[in-house]
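**Student:** below are the sequence and a predicted model; questions follow.
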Amino acid sequence: MAASKRQYFEYIVIGCGGIGSGALYWLSKRSSSVLGLEQFSLGHERGGSQDVSRIIRLTYHDDRYTRLTPDTFKAYDRLSNLQLMARYPQFTVGPDIVGLYQEQAGLVDAAVGNAVHIQLARGNGATVLENCPATRLTRANNGNVIVHTTKGVFECRKVVVTAGGWLNTILGTIGVHVPVTVTQEQVTYYATPHMKEFTKEKHPIWLFHCPRYDIYALPIHGNTGSKIGVDAGSNVVTADTRTFEPDPVRERTCTELLQEICPKFLGPILQTKTCLYAMTPDRHFVVDTCAYKGWSDVIVCCGAGHAYKFASLLGKVLSDLAVDGRTQYDISQFNITRDAIQDPTFKLTFFLGRGTEAKL
């Protein structure tokens with residue numbers, strides 16, 4: 001296609017999930033020439049940014065994440081099992097359990113957050129095309145990036161790739177590979193008959209570190225029940241061949257834990273929903289350009305299966321990199337040239353914070 005027939009946008013975002021919609025919004029605040037490309041319909045449930053409730057918190061196992069948050073807190077409460085049960089009588093735990101409580105943690109409605117980012121971006125003049133897969137990137141004679149899609153060819157100055165499990169479908173066309181392991185994870189909703197005890201006002205989000213699993217749970221939000229899931233480590237799939245069938249073993253793992261420590265959380269299973277994690281070998285983000293392969297105008301972000309709480313901030317970081325070539329936030333340890341990304345013998349580490357203390 002001749003250059004004169006290619007539609008030009010200053011910035012293009014490929015993938016409009018949590019991080020991509022955030023990038024689209026922040027770019028639309030800086031430029032009137034922004035295009036978002038989504039290969040499925042907006043708000044689809046094939047990736048990792050769907051559902052109505054996701055955990056948001058400041059406690060983290062590694063200060064490379066807490067440094068991203070400009071307002072951090074100096075302390076959080078350490079609760080014995082008796083103190084935990086006194087504060088939240090829904091729990092029944094023994095003296096071997098210690099709780100770490102942070103008042104500012106909670107949940108965010110991911111579906112609404114993504115929709116708001118998209119709507120505000122459109123209000124700022126951004127164009128968004130859904131059901132429009134990007135197929136490859138090439139270089140224009142004038143040095144710009146050409147984005148080929150099933151609905152036409154577009155040219156831009158900078159492109160941001162936030163495609164989750166489909167990341168390498170795009171990056172592979174310019175010789176870049178991020179070694180992500182794509183897994184099909186799931187969450188289960190229960191129709192607890194004790195609804196009043198599991199509202200957001202009465203029950204916290206919580207994470208439970210077991211010997212074999214890290215398990216997380218959320219109170220009732222919207223037209224749902226109480227929610228629980230196992231973090232990471234499920235069946236390895238590809239983004240295109242995954243199924244939507246729940247794993248009954250994981251359902252049982254969650255049910256058995258709840259029977260032990262929080263039985264009123266349980267009820268008939270309303271539904272078990274699947275989603276995708278795209279995890280780097282060290283389970284840390286990638287937020288960088290592809291300059292090491294000669295594509296400094298291609299910016300990539302992989303959230304490694306735990307980024308939704310940072311989605312809007314990462315969108316701002318990506319917009320900074322696209323517009324200014326730098327950002328005020330410390331993303332130095334999320335570089336694409338680190339050993340975990342470039343060394344094929346790097347040992348996979350998928351469990352967050354195993355054997356470490358939570359940090360603020």
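**Tutor:** Arrived safely.
**Student:** alpha carbons only for contacts and neighbour counts from here, please
**Tutor:** OK.
**Student:** give me the below-cutoff pLDDT ranges for the stretch 51-200 of the chain.
**Tutor:** For the stretch 51-200 of the chain, applying pLDDT under 70 flags the ranges 69-75.
**Student:** where along it do the helices fall?
**Tutor:** Taking DSSP state H, counting those that start in this stretch as the test, the helices found in the stretch 51-200 of the chain are 63-66, 81-87, 110-123, 167-171.
**Student:** counting neighbours, what do you get for residue 173?
**Tutor:** 13 (other Cα atoms under 10 Å).
**Student:** need the nearest residue in space to it, chain neighbours excluded.
**Tutor:** Of all residues beyond its chain neighbours, the one nearest residue 173 is residue 136 (5.6 Å), with distances taken as Cα to Cα, 6 or more residues apart in numbering.
**Student:** before we move on, what about residue 348?
**Tutor:** residue 281 (4.6 Å).
**Student:** ok, residue 304 next?
**Tutor:** residue 279 (4.0 Å).
**Student:** so how many other residues sit close to the residue nearest to residue 173?
**Tutor:** If you count neighbours by other Cα under 10 Å, residue 136 ends up with 16.
**Student:** so who does it touch?
**Tutor:** Residues in contact with residue 136 (Cα atoms under 8 Å, 6 or more residues apart in numbering) are 147, 148, 149, 169, 170, 171, 173.
**Student:** quick check: it vs residue 14, distance?
**Tutor:** Computed as Cα to Cα, to the nearest Å, the residue 136 to residue 14 distance reads 11 Å.
**Student:** swap in residue 127?
**Tutor:** 12 Å.
**Student:** name the residues contacting each of the two.
**Tutor:** Taking Cα under 8 Å, 6+ apart as the contact rule, residue 127 and residue 14 both touch residue 36.
**Student:** between the two, who's got more neighbours?
**Tutor:** A direct count of neighbours by other Cα under 10 Å for residue 127 and residue 14 places residue 14 higher, at 27 against 19.
**Student:** so the more buried one touches residue 161, yeah?
**Tutor:** Yes - under the criterion of Cα atoms under 8 Å, residue 14 makes contact with residue 161 at 4.9 Å.
**Student:** where do the contact lists of those two overlap?
**Tutor:** Contacts common to residue 14 and residue 161, judged by Cα under 8 Å, 6+ apart, are residue 20.
**Student:** just the element for the residue lying closest to residue 121 once chain neighbours are set aside, please.
**Tutor:** Excluding the flanking residues, the one nearest residue 121 by Cα to Cα, 6+ apart is residue 25, at 4.5 Å. Using DSSP states H and E, the element containing residue 25 is helix 18-30.
**Student:** can you put the helices of the stretch 51-200 of the chain in TSV and add mean neighbour count?
**Tutor:** Compiled in TSV, the helices of the stretch 51-200 of the chain are given as follows (neighbours: other Cα atoms under 10 Å):
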stretch	mean neighbour count
helix 63-66	17
helix 81-87	16
helix 110-123	20
helix 167-171	20
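**Student:** do you know which of those lies nearest residue 326?
**Tutor:** Judged by Cα to Cα, the one of the helices of the stretch 51-200 of the chain that comes nearest to residue 326 is helix 63-66, at 17.3 Å.
**Student:** figure out how far the closest one is from the centre of its chain.
**Tutor:** When distances are taken as Cα atoms, centre = their mean, to the nearest Å, helix 63-66 is centred 16 Å away from the chain's centroid.
**Student:** for it, packing partners?
**Tutor:** Applying 3 or more Cα pairs under 8 Å, 6 or more residues apart in numbering; DSSP states H and E, we find helix 63-66 packed against no helix or strand.
**Student:** now it - C-alpha only, CSV.
**Tutor:** This file holds the C-alpha atoms of helix 63-66, laid out as CSV (Å, rounded to 0.1, in the frame of the first residue of the first chain):
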residue,chain,number,x,y,z
ASP,A,63,10.4,-2.4,46.6
ARG,A,64,10.7,-2.1,42.9
TYR,A,65,6.9,-2.0,43.0
THR,A,66,6.4,0.1,46.0
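**Student:** wait, the residue nearest to residue 304 touches residue 349, no?
**Tutor:** No - the pair residue 279 / residue 349 is not scored as a contact, 9.4 Å apart, by Cα under 8 Å.
**Student:** name the residue in these two with the higher neighbour count.
**Tutor:** Neighbour count, other Cα under 10 Å: between residue 279 and residue 349, residue 279 has more, with 28 against 15.
**Student:** what sits against the more buried one?
**Tutor:** For residue 279, the contact set (Cα under 8 Å, 6+ apart) comprises 180, 181, 182, 302, 303, 304, 305, 350.
**Student:** what's the burial count for the first one?
**Tutor:** What it means is residue 180. Other residues near residue 180 number 21, with proximity taken as other Cα under 10 Å.
**Student:** name the helices or strands packed onto the helix holding residue 25?
**Tutor:** When contacts are defined as 3+ Cα pairs under 8 Å, 6+ apart, helix 18-30 sits against strand 7-14, strand 34-37, helix 110-123, helix 311-323.
**Student:** packing partners for the longest one?
**Tutor:** Contacting helix 110-123 under the criterion 3+ Cα pairs under 8 Å, 6+ apart are the following elements: helix 18-30.
**Student:** can you check the second one too?
**Tutor:** Using 3+ Cα pairs under 8 Å, 6+ apart, the elements in contact with strand 34-37 are strand 7-14, helix 18-30, strand 127-129.
**Student:** try it again at 10 Å.
**Tutor:** Under the contact definition 3 or more Cα pairs under 10 Å, 6 or more residues apart in numbering; DSSP states H and E, strand 34-37 sits against strand 7-14, helix 18-30, helix 110-123, strand 127-129, strand 152-161.
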